[in-house]
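1. Sequence and predicted structure, then a few things I'm wondering about:
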Amino acid sequence: MAEYSAFSLLKNALTGNRDWKPAWRKPDPKPSYDVIVVGGGGHGLSTAYYLAKEHGITNVAVVEKGWLGSGNVGRNTTIVRSNYLYPQSIRFYEHSMRLWENLSHDLNYNVMFSQRGILNLAHTPAQFDDYARRGNAMRHGGGDAELLNPDQIARLYPGLDVSASARFPVVGGLLQPKAGTARHDAVAWGYARGADRRGVDIIENCEVTGFLRDGDRITGVTTSRGEIRAAKVAVAVAGSTGHVMKLAGIDKLPIESHLLQAFVSESLKPILPGVITWGGGHLYVSQSDKGGLVFGGDLDGYNSYAQRGNLPLVEEVMSELLAMFPAFARVRLLRSWGGVMDMSMDGSPIITTGPLPGMYLNCGWCYGGFKATPASGWCFAHTIARDEPHEINAPFTLDRFHRGILIDEKGQGSTPKLH
Amino acid sequence: MVDQLSPLGPVWRPGSHGNFAAGVGVVLSETQPGSIVQVAAWPGEEKSLMAVIRTVAGLALPDGAGGGVFTEEKAAFGFAPGKFLVVDQAEGLFATLSAAITSEVGTVTDLSHGRTAICVAGPKAEWVLAKFFAIDFSLVAFPAGAGRSTVHHDIFAQIQRTGASQFDLYVFRSFARAVWTALCHASEEVGYEVQ
Amino acid sequence: MLINCPYCGPRDLSEFSYQGDGNRTRPDPASTNQAEWNAYVYDRTNIAGDHNEIWQHAGGCRAHLRVTRNTLTHKIISVGFARDERHKKPHGHRRSGAHS
Amino acid sequence: MSPRRSQTGGRVDRMRTIRFTFDGRPFTGHAGDTLASALLANGVTLFGRSFKYHRPRGVLTAGIDEPNALVTVLHGDVREPNIPATMLEIYDGLTVVSQNRFPTLAFDVGAANQLGGKLLGAGFYYKTFMGPVFGPLKGTRFWMFCEYFIRRAAGLGRAGIAKDPSRYERMNAFCDVLVVGSGPAGLMAAKAAADSGARVILAELEPKFGGAANWSGETIDGMAAAEWASTMVRDLKARDNVRLLPRTTVWGYYDDNAMAALERVTDHKSAPGKGEPRHRHWTIRAGSVVLATGAFERPLVFPGNDRPGVMLASAAERYANEFGILPGQKVALFVNNDAAYRAASTLRKAGAEIAAIVDVRGEISAAAQEIADEGGGELLRGHAVVATEGGKHISGIKVQKFDLANGALSGEARHLDADCLLVSGGWSPVIHLASQAGLKPEWNEALQAFLPPKPTQNWVGAGAFNGRFTTAEALTEGLAAGLSAAGSTGGTDSVPEVEAPALDPHPAPVFEIRAKGKAFVDFQHDVTADDVRLAYKEGFVSVEHLKRYTTLGMATDQGKTSNVPGIAIMADALGKPIPDVGTTRFRPPFAPVSLGALAAERYGEVKPERLTPMHDWHVENGAIMYTAGLWYRPMIYGLAGETVEQAYVREAKTTREAAGIVDVSTLGKIAVQGPDAADFLDRVYTNMFSTLAVGKARYGLMLREDGIALDDGTTWRLGNDDFLMTTTTANAGKVMQHLEYLLDVVWPELKVRLTSVTDQWAGAAIGGPRAREILASCVTGTAVDNDTLPFMGIVHGEIAGAPVMICRLSFSGEMAFEVYSGAGHGVHVWEALIEAGKPFGMVPYGLEALGTMRIEKGHVTGAEIDGRTTARDLGLDWMLSKKKPFVGSMMMDREGLADEDRVRLVGVIALDNRPLNGGAHIVEEANESEPRNSIGHITAVCYSPMLGKYIGLALVKGGKKRHGTRAFVSDPLRKRFGPVEIVSNHFFDPEGKRMHG
Ligand SMILES: Cc1cc2nc3c(=O)[nH]c(=O)nc-3n(C[C@H](O)[C@H](O)[C@H](O)COP(=O)(O)OP(=O)(O)OC[C@H]3O[C@@H](n4cnc5c(N)ncnc54)[C@H](O)[C@@H]3O)c2cc1C
Ligand SMILES: NC(=O)c1ccc[n+]([C@@H]2O[C@H](COP(=O)([O-])OP(=O)(O)OC[C@H]3O[C@@H](n4cnc5c(N)ncnc54)[C@H](O)[C@@H]3O)[C@@H](O)[C@H]2O)c1
Ligand SMILES: Cc1cc2nc3c(=O)[nH]c(=O)nc-3n(C[C@H](O)[C@H](O)[C@H](O)COP(=O)(O)O)c2cc1C
Ligand SMILES: [Zn+2]
């Protein structure tokens, strides 16, 4: 019997819920491993899981400086989509989408992946064409996309201001039906449990404070819980990339750490069927299963490792949300928070071997890495196991910036705060 | 000469509005100066530039960031390092200043059409302006004559205090109608009069 | 966050526009050193701690400021005009000219 | 038995009756009542249903910490859900409905969830609903099917979809000292700071200032505490340097003492005054802050502790003293500390019978003992409540002996009648604001409470906030805090005398009574003590995991009453001290804030409108307006019965055949002035400007630092040191910032000034074969013939008395001129041109015709310069000077940007004579059903009146090499597939004969 099922729930309910096991063990670090994954976020955990599952590498430790999932995986707006423009991106995120679609089964853990669709609103004919370009690119890359007119949109989203008198009237929208949301914490916990059950050591409260090296080669890490050696050290620390890589002597990277705030309203009865974004600025909103409106917008716009933002952005986001849904003026903000984003110079990620021998790097997720969690771990595991990228992540190199082979979805160039 | 057309158009509604039962909180007006000129000194030339302003416009600018002066007809204030806005109810100031300021000293830019001047006056002027700008309008922090550059979201504004409870706002002409509408809206609560 | 503009005084964050890492030096316009250019355009120190950065007082005097700010706490340690800092640098920068 | 209003007492205005409805039933209350107090006065104790099990719930508190009594306020169609009844001041016409119940509050089918019991424990949904691995419900479908029902059961109130007509505003304030909270500590602090001359703001979330003084029943300075508070408030009100903000919750502590506060300006009124905002969003920039936010009382965790009729002791005291309400006739108390004894005394004096005081402690202070002695009722020391009895309201309790040392229960359970149970589990200082900066609060063992962290910002604390739970201490600390915040070294003020029973502020360390039955920790989210233990068992032991796994503290009250008990239970399970578990992270807002308030003045008008000088003319003359960024621009000037396509085709055709005029005032315009201006332009443009003669203009292209195209436009040399640069409408701001950065940061040695003069000039472009004649007929002061005004030449003249500057340049490809006049003269000049054009058949044209003509000419704009293309991609390599470096020159040739396989600008012609769409892709294969292998996309389309065909510009791999070849437009999104010919982007008059005339 699967460890988790309706039946096991019932059985445990009858026995007073006495027999549940910890979702993952709390082992002390061993002196050495085949692979150390630095960072117990979604990507680190899925990397460990796929190392074990796809490559049979189970002598793996995931070291996490705080509590598991305390980074961005535990604080994102949970949007999963693959509505990209460039073929490289479409291929990667479509791969992720396929993994998502079977993830709860694969992990025997309900990650509540719900394909409720994402709708991008367009407010000028030029923007509508731009979305059509992207939607068509998706269709040419094997993805799903549809264009909706304002009537169709109004029917999907009652309460949305589709009036012609709106400051930025809705002229149409791009819908990706397959997109949706997943329960962010469950993704971390599900991967952790999956990896744990396959033998991976998940070590919390274990901060990497330095790297062990043999000449140029990385041979392990020093941590707040002692030295740990490994043949391979894979870094997947998202917002902390700059800081952690400095510990390895890499002083500069095409990454800036920026602050992204997110917001949740009080619980409401269902009012938003899916994810919807506003094109007059930058805003995305959906409703959690608990009923809170979960939403966010732009970065605060300055380098930060603080996980905590400031008011101007809060006000900006609210004004945009209400431009869409004027009725929400009387809905109340319950909580706001911030995460540290590893913004890359073209807005696309990096999954690569190196930059030092014995090291592997996974970063540059900007604010879109949650949806990538399965594919990122899957590709990173491949890259670590085989010492070369899979063709799906081959374009996402570290040297592409200098070489000018950019994957700049937004066309913003090397201004990370604009991606 | 042809008169300048006000950008306020249909939103300019003279008279009293809003909750003025208990008196008018602010008086809003468009001052329509004939000349709005930006002069800017190269670093080190600020003093010579201020001297020219004194000779040409008869305005003795005080030293210090944001310093300014005003008379019935004219006004000048610093709003950025080495940069001043000089305003005259009469036209022609751009030509006079251009003639007087050499390229060794600085530059002169005509903004007579590019900026709209709005005056907010009255006991609630500080209160109304504080709804828009994150600067301290109290007299201690913002003395009479002084200038400030600030912004309300997308709308950039240069503001000179021209009285204990009077401010002149210079905003981009294309935004003037939006600013005016917003000012009227924000003033309703205290009652306002458009002159 | 309040940034103390040397001209305007302390002003709210909403008046400023972040212009990025202040540790970057733009190569001489005539430089043909590709690596230098690449580094200028793409590489960032991204310090977790006191960070040297450029802000423009875009909603104020529009001057660019060189700010030292702690990226862990957001505490601002120092502010000055970016142009002054630049003047203090040992090498003046050549005017542009033809490739040599 | 039920609560009722006592004959006297309280500070509601019994002379003023207020009518409101709850779930359709009419009720009355008095001015000064909250919905909670008014309903209690009417004997109502069932207020709502809990989140998960839909348990009946009453009111637990009297304030902002209320987890249970949440209601929805209706204003016609406009709904406001999840409002604590304890914070809702009643007014005539108030309409309230209960929530999270179906069909009624009393009979709710959702209550069946309770039967799920242990099945629905914390995190049950992670363990099931994965569904079958095959069949129609495979994969995510099954979960989505279940989710549908889960979502409907969850959620609390229902939001509406009708637009809220209210007004919201923001306010910026500056002060030396912001005092948050107006209890004894806050009032003292405000006065002390004000006395020392500081500018003070005092914010209080309640309608009345005074905090605990309003209901403590103590004596301060020989007056009733409430009286003392009123005196203080009168004194403060009279001062110029003090601003009092009632109904104002300070909810956010942001960097550098930027404090966010929400003032509920008119929520308590039947109708707002003229122009009055409903909520005002304050940003208060305070030199220093005094945090005097008091403390929240905590409930105890025991089976049945959520039954309506169970209430915090301090809340009951408040209902009695402030509202003249007896929450029950026969009141029992269950406490672990002294403070609640005062409540017993208060209620007894107000006329209630005290059934019993159940105290977990064996020993109590003399003061408490004294109160118990005078109170009648039994004092059961060393006892605990192990159950409550009753249905939707409490009718009795069960009590057992309790051993404080080990938490063991013993002896027979005894029944006691009670229609109200007051609980007190100690106090938690309101440290939320101080903790928002992220530092950890500090546990105080004696007080069994988390005290504020060390300051990281400029604040001082005072009173109960600091864990100083007596009024005397609050006053002393308030005075000191006020002085220190104001930077004053000493005042002459003395601390007022307090008369109060000498109760011991230290509670016994008891949080939970472990007996059989559901014992609630988080009332709103139905998190039980067993849920906490389940989380422990499954390894969710970090306090953050505990929170996320059980949702403890994630409800609308953010665990104000429940977090500490939950942490204590986890600590107990772990066998660790409470501080080792720690608190979860505090975040703004301290209490929920309306989104409308945060959008403030932007609610209803998210962005300002930007208008050209000729805007009104366009609208009056039939233009349909487009938004272009913040600007509005004419799309077409349609005639009656015309389609958009017919209109723009007519406009473009007329322009090419006679003349047309278009408003180009939105182009970005930057004055570039100074002796180094020409040098600077050479550096930032890819082509040369230093060689440009005065009185001439040149087309220029700028790259970004990374070598990608940034913007294009013409720059006019008006004087030796004086240039007028134009940019595209969309990029004006971006270009300005780019140039300012270079000048200020990179080349400060250059003497160049940049000024935005976009708004200074009105621009009208007039083009077509008759354009020159039209101009000649209305311009004075200059000739406009070929010699005086050659291509790219500039002249100055007048039109109808207004000075103008004319440059002969062309976007349409026609003989064309841009006429610039002062913006204030824009309409005047425009109308004169329109008048002059009449005899020549000139039409005004909009963006569609402009686009059509530029596509025919193959010019690029934002759709092609999209931040991803290089100069070469756009066919603009001819503009890349080899004689000088320029911004981007070293980066534009990198391998990825020089790649032959990149998309390049071409023209496309629809071979099936059907319209094309922007955003359509181009493919080589005639395979409509399986879109794949895109080789590029269409950027802009039109019907070309000159070619009589549907044409477009496209970025296609191979570019020029494909000229003359065929491909297909593939636009599956709009179901458009068909053959196209790829041609040069210069469709029309490629030699430019027409514009050179
Ligand atoms: C507010 C917000 C909203 C977002 N919304 C979305 C969205 O809607 N859709 C989407 O796809 N993406 C979204 N994202 C982005 C997404 O969450 C991230 O890109 C993604 O989670 C990053 O990967 P991760 O999960 O591995 O990162 P993290 O969870 O941040 O993992 C990195 C881990 O490394 C640990 N670490 C750091 N330094 C060390 C060290 N020295 N030693 C040991 N461990 C260390 C950290 O503690 C952390 O747990 C959002 C992000 C935020 C913050
Ligand atoms: N154990 C005990 O007996 C005990 C415990 C706590 C308090 N008290 C009593 O409470 C009083 C303490 O005085 P005090 O002044 O410290 O506290 P207080 O509770 O009298 O006042 C605090 C005030 O701050 C307000 N407030 C809280 N957060 C706010 C926010 N974010 N924005 C705006 N207002 C906010 C509250 O509404 C309240 O009015 C004394 O009278 C004391 O006896 C007793
Ligand atoms: C999708 C999502 C939904 C959330 N819903 C709630 C909620 O209903 N209640 C709540 O208190 N917090 C909610 N949060 C916010 C978390 O409490 C928390 O603030 C966030 O995960 C960041 O962690 P931190 O605040 O501990 O740094 C939600 C967060 C996310 C990402
Ligand atoms: Zn400034």
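-> Received the coordinates, thanks. Predicted model only: the values in this text are computed from it and were never measured. Ligands and ions are numbered 1, 2, ... in the order given.

2. If we ignore the residues flanking it in sequence, what's nearest B:Arg173?
-> D:Asp759 (4.1 Å; C-beta to C-beta, 6 or more residues apart in numbering or on different chains). Where C-beta positions appear, they are placed from N, C-alpha and C, glycine not excepted.

3. For the one you found, give me its contacts.
-> B:113-115, B:172-174, D:823 (C-beta atoms under 8 Å, 6 or more residues apart in numbering or on different chains).

4. Specify which member of the residues you listed is nearest to B:Gly78.
-> B:Arg115 (15.9 Å; C-beta to C-beta).

5. my guess is that closest one meets B:Ile36, correct?
-> Yes - if you go by C-beta atoms under 8 Å, B:Arg115 and B:Ile36 touch, sitting 5.0 Å apart.

6. what do those two both touch?
-> With C-beta under 8 Å, 6+ apart, B:Arg115 and B:Ile36 have common neighbours B:Tyr170.

7. average pLDDT across stretch D:303-318?
-> Mean pLDDT, computed over stretch D:303-318, is 97.

8. Revised request: answer the last question for stretch D:148-157.
-> 91.

9. which SS class is the residue in chain B sticking out farthest from the centre?
-> Residue farthest from the centre of chain B, counting by C-alpha atoms, centre = their mean, is B:Ala21 at 29.3 Å. Following DSSP: H, G, I helix; E, B strand; the rest coil, we place B:Ala21 in the coil state.

10. B:Ala125 versus that one, what's the distance?
-> 19 Å (C-beta to C-beta, to the nearest Å).

11. same check, this time on D:Pro84
-> Relative to B:Ala125, and taking C-beta to C-beta, D:Pro84 is found at 38 Å.

12. Quick check on the two: which one has the bigger neighbour count.
-> The neighbour comparison of D:Pro84 against B:Ala125 (other C-beta atoms under 10 Å in any protein chain shown) goes to D:Pro84, with 28 against 24.

13. What residues does that one make contact with?
-> So D:Pro84 contacts D:36, D:64, D:66, D:69-71, D:556-557 (C-beta under 8 Å, 6+ apart).

14. which one of those residues sits closest to ligand 3?
-> Using C-beta to the nearest ligand atom, D:Thr556 comes nearest to ligand 3 of those, at 8.4 Å.

15. hang on, isn't D:Leu534 packed against A:Trp20?
-> Yes - if you go by C-beta under 8 Å, D:Leu534 and A:Trp20 touch, sitting 6.9 Å apart.

16. okay, the two: which has more neighbours?
-> D:Leu534 (24 against 20).

17. Just the element for the residue sitting furthest away from the middle of chain D, please.
-> Distance from the C-alpha centroid of chain D peaks at D:Asp787, with 59.8 Å (C-alpha atoms, centre = their mean). If you go by DSSP states H and E, D:Asp787 is not part of any helix or strand.

18. Can you check the pLDDT for it?
-> 95.

19. got the phi/psi numbers for the residue nearest to D:Thr128 when sequence neighbours are not counted?
-> Among residues not flanking D:Thr128 along the chain, A:Ala6 sits closest, at 4.5 Å (C-beta to C-beta, 6+ apart). Backbone torsions for A:Ala6, taken as degrees, to the nearest 10, come to phi -60, psi -40.

20. Counting neighbours, what do you get for A:Ala6?
-> By other C-beta under 10 Å, neighbour count at A:Ala6 equals 14.

21. Can you tell me how far it is from ligand 4?
-> Applying C-beta to the ion, to the nearest Å, the value for A:Ala6 to ligand 4 is 63 Å.

22. From the centroid of chain A, which residue is nearest?
-> A:Phe370 (1.5 Å).

23. and residue 64, what does it touch?
-> All of this is about chain A. Counting by C-beta under 8 Å, 6+ apart, A:Glu64 has contacts A:39-41, A:44, A:70, A:202-206.

24. my bad, chain C
-> C:19, C:54-57, C:81-83, D:740-741, D:744-745.

25. Now do the buried residues in the helix or strand containing D:Leu701.
-> Using DSSP H and E, D:Leu701 sits within strand D:697-703. Within strand D:697-703, the residues that count as buried by 16 or more other C-beta atoms under 10 Å in any protein chain shown are D:697-703.

26. Would you agree B:Gln32 falls within a strand?
-> No - with three-state DSSP as the criterion, B:Gln32 is coil rather than part of a strand.

27. That one and B:Ala90, how far apart?
-> 11 Å.

28. same check, this time on D:Lys440
-> Applying C-beta to C-beta to D:Lys440 and B:Ala90 gives a distance of 65 Å.

29. Compare neighbour counts for those two and give me the winner.
-> D:Lys440 (14 against 11).

30. Now the residue in chain B positioned nearest to ligand 2. Nearest residue, chain neighbours left out?
-> Closest contact between chain B and ligand 2, by C-beta to the nearest ligand atom, is at B:Ala130 (20.3 Å). Closest residue to B:Ala130 apart from its sequence neighbours, by C-beta to C-beta, 6+ apart: D:Asn172 at 4.9 Å.

31. wait, isn't that neighbour in contact with B:Ser138?
-> No - the pair D:Asn172 / B:Ser138 is not scored as a contact, 11.4 Å apart, by C-beta under 8 Å.

32. So for these two, which sits in the more crowded spot?
-> D:Asn172 (21 against 14).

33. any idea whether that one is helix, strand or coil?
-> strand.

34. what residues are up against it?
-> Here D:Asn172 is in contact with B:130-131, B:133-135, C:12, D:282-283, D:285 (C-beta under 8 Å, 6+ apart).

35. distance between the ends of stretch D:748-759?
-> Length of stretch D:748-759, first residue to last, C-alpha to C-alpha, to the nearest Å: 26 Å.

36. Please apply the same query to stretch A:37-45.
-> Span of stretch A:37-45 from end to end, C-alpha to C-alpha: 8 Å.

37. Equivalent analysis for stretch D:488-500, please.
-> 30 Å.

38. can you tell me if it touches ligand 2.
-> No - if you take C-beta under 6 Å from any ligand atom as the test, stretch D:488-500 misses ligand 2, and the best it gets is 6.9 Å.

39. quick one: contacts of that stretch?
-> The contact list for stretch D:488-500 (C-beta under 8 Å, 6+ apart) reads D:188, D:191-193, D:195-198, D:216, D:218-222, D:228, D:470-472, D:475-476, D:479, D:483.

40. are any of those buried, and which?
-> Buried among these (16+ other C-beta under 10 Å): D:188, D:191-193, D:195-196, D:198, D:216, D:218-221, D:228, D:470-472, D:475-476, D:479, D:483.

41. Inside helices: which ones of the residues you listed?
-> Of the positions in these, D:188, D:191-193, D:195, D:228, D:471-472, D:475-476, D:479, D:483 sit in helices, assigned by DSSP state H.

42. Show me which of the residues you listed is closest to A:Leu283.
-> Closest to A:Leu283, out of all of those and judged by C-beta to C-beta, is D:Ala193, at 40.3 Å.

43. Good, wrapping up.
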